[in-house]
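# generate a structure from the sequence data that follows.
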Amino acid sequence: MAFTTVLVLVLGGVAVGTAVIGDREGRAAAAERRCTADDLAGRWTSGTLFLDARSVDSGNSVLSVRGDEPTQTGSTMKLITASAALAALGPDHRFTTTVVAGTESDSVVLVGGGDPTLSRLPSGQDSVYPGAAHLDDLARQVRAAHPGRIAVVRVDTDLFDGPAWHPSWTESARTSGSVSNITALMVDGDRDDPTEAYSLRSSGAVARAATSFAALLGPDVRVETTSVTPPAEARTLGTVRSATVAELVGTLLTHSDDTLAEVLARHVAIAEGAGRSFDAVQVGTTRALHEDHVPTDGLRLVDGSGLSPDNRVPAATLTTLMRAVATHRDGLEPVDRGLAIAGRTGTLDEHGRFTGAARDARGVRPRQDRDARRHVRAHGRHRRGRRGPHRVHGVRRGDE
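Predicted structure coming up:
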């Protein structure tokens, strides 16, 4: 019998979850020789076990240990955010950054469209975000449309409301390079080094973006970072667009990108008419999950990345969602494609994991595996940032 297991371990305030998708007799027999869900539940000795196992085909419960009790999520929250983004925004949606003429003839306004992947690197040079739009492309368009002198760059960041930093997040999340301030205008996820995933983030994401853009327009261009609202009839001078939501979801999941998760959660809230701040994530995401036929009872969603210890989601909610992901139902194939593969891609290919004695647990690349059910997906953390939702083979215990 095919089955799905979602397991969440809460230990020291860190939530570690595992989602398992098995197939038919051959894999079931191999798994039984190593461990079974009953054996795993029976010998769990650390923290508190929250486990839900159910048939992929029928949805019937196989095993549940506190499976209906809401618990901390860790990076399993990214599965929820990614799925909600596909439902609310659609896989082909892109985020647009615009420059419009200012009220004075020598001013322009850089309008943040909520694209954290916008890059200050030269076009043709990749940041951590594949397919990103580039500021120099935007600057070329502006110079062509505005041949006169540009003296000042102003910003419009009103797409998102504050606060930019969730009060339940630790400052170490910023200094470790896990997440930035969440603003509608930033470049390279506000990393000091656009090519380094865990590069330090600043406390001035908007200023970094505006200053980087102004430098491309010419010498001595002044920057003002207090948000302004340009006139509705303001002339558009240039636009650039992000990769698609489907592509962004893949990047989010493979690399467990907190900033990208938070921005997508904010866009979901806006699309669902819930608001523009962290406080809108609960309503926005749950509304979108209804479109994926995922139960939302007991959910407490305070952010989109799972950084907050205040999130609460039952393991049974994740199994329901993972059944839809495994079968590519409701347009969720990009979630399946984005899951990192143990020892192959993303955060599960870091720090020598799945080498040596752990090599047998290395995953299979998607092109070698045509059946989405032949995977184990694990969710959790590692010392540098966090592991997000992942794909591996075999059931394993949390490593924190």
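
# which SS state does the closest residue to residue 84 other than its chain neighbours fall under?
Sequence neighbours aside, residue 288 is the residue nearest to residue 84 in space, at 3.7 Å (criterion: CB to CB, 6 or more residues apart in numbering). C-betas here are computed from N, CA, C, even on glycine. The three-state label for residue 288, taken from DSSP: H, G, I helix; E, B strand; the rest coil, comes out as helix.

# so where's the stretch 1-150 of the chain uncertain?
When residues are selected by pLDDT under 70, those of the stretch 1-150 of the chain lie in 1-38, 40-41.

# quick one: the helices in it?
Assigned by DSSP state H, counting those that start in this stretch, the stretch 1-150 of the chain shows helices spanning 25-34, 37-42, 77-89, 135-145.

# list the contacts for the nearest residue to residue 94 once chain neighbours are set aside?
The shortest distance from residue 94 to any residue that is not its chain neighbour, by CB to CB, 6+ apart, is 4.3 Å, and that residue is residue 241. In this structure, residue 241 makes contact with 94, 95, 96, 97, 115, 133, judged by CB atoms under 8 Å, 6 or more residues apart in numbering.

# quick check on these: which are buried?
When those are checked for burial by 16 or more other CB atoms under 10 Å, the buried set is 94, 95, 97, 115, 133.

# which non-adjacent residue is nearest residue 344?
Looking at residue 344 with CB to CB, 6+ apart, the closest residue is residue 363, at 5.4 Å.

# in the chain, which residue sits furthest out from the middle?
Here the chain reaches farthest from its C-alpha mean at residue 148, the gap being 40.5 Å by CA atoms, centre = their mean.

# torsion angles phi and psi at that residue?
phi -80, psi -180 (degrees, to the nearest 10).

# isn't it right up against residue 108?
No. Using CB atoms under 8 Å, residue 148 is not in contact with residue 108, being 10.7 Å away.

# any stretches of the stretch 251-400 of the chain with poor pLDDT?
Counting by pLDDT under 70, the ranges of the stretch 251-400 of the chain that qualify are 346-351, 365-400.

# list the contacts of the residue nearest to residue 200 when sequence neighbours are not counted.
Among residues not flanking residue 200 along the chain, residue 192 sits closest, at 4.7 Å (CB to CB, 6+ apart). Under the criterion of CB under 8 Å, 6+ apart, the neighbours of residue 192 are 199, 200, 201, 202.

# quick one, what contacts residue 358?
Applying CB under 8 Å, 6+ apart, one finds that residue 358 lies in contact with residue 343.

# ok but it is inside a helix, no?
Yes. If the criterion is three-state DSSP, then residue 358 is within a helix.

# make 49 the first number, not 1, from now on.
Fine by me, first position is 49 from now on; the one you just mentioned is residue 406.

# can you tell me how far it is from residue 303?
For residue 406, the distance to residue 303 equals 21 Å [CB to CB, to the nearest Å].

# swap in residue 184?
Distance of residue 184 to residue 303, given as CB to CB: 24 Å.

# neighbour count winner among these two?
Set side by side, residue 184 and residue 303 give different neighbour counts by other CB atoms under 10 Å, the larger being at residue 303 (22 against 18).

# just checking, residue 340 touches residue 369?
Yes. Between residue 340 and residue 369 a contact is recorded at 6.9 Å, counting by CB under 8 Å.

# what residues are shared contacts of the two?
When contacts are counted by CB under 8 Å, 6+ apart, the set common to residue 340 and residue 369 consists of residue 131.

# and the residue nearest the centre of the chain, what does it touch?
Residue closest to the average C-alpha location in the chain (CA atoms, centre = their mean): residue 309, at 2.9 Å. With CB under 8 Å, 6+ apart as the criterion, the residues that contact residue 309 are 125, 126, 129, 130, 300, 352, 353, 354.

# what sits closest to residue 283 if chain neighbours are left out?
With CB to CB, 6+ apart, the residue lying closest to residue 283 is residue 149, at 4.4 Å.

# bridged to the one you found, which residues?
Beta bridges link residue 149 to residue 156, judged by DSSP bridges.

# neighbours of residue 372, how many?
By the measure other CB under 10 Å, the count of residues near residue 372 is 18.
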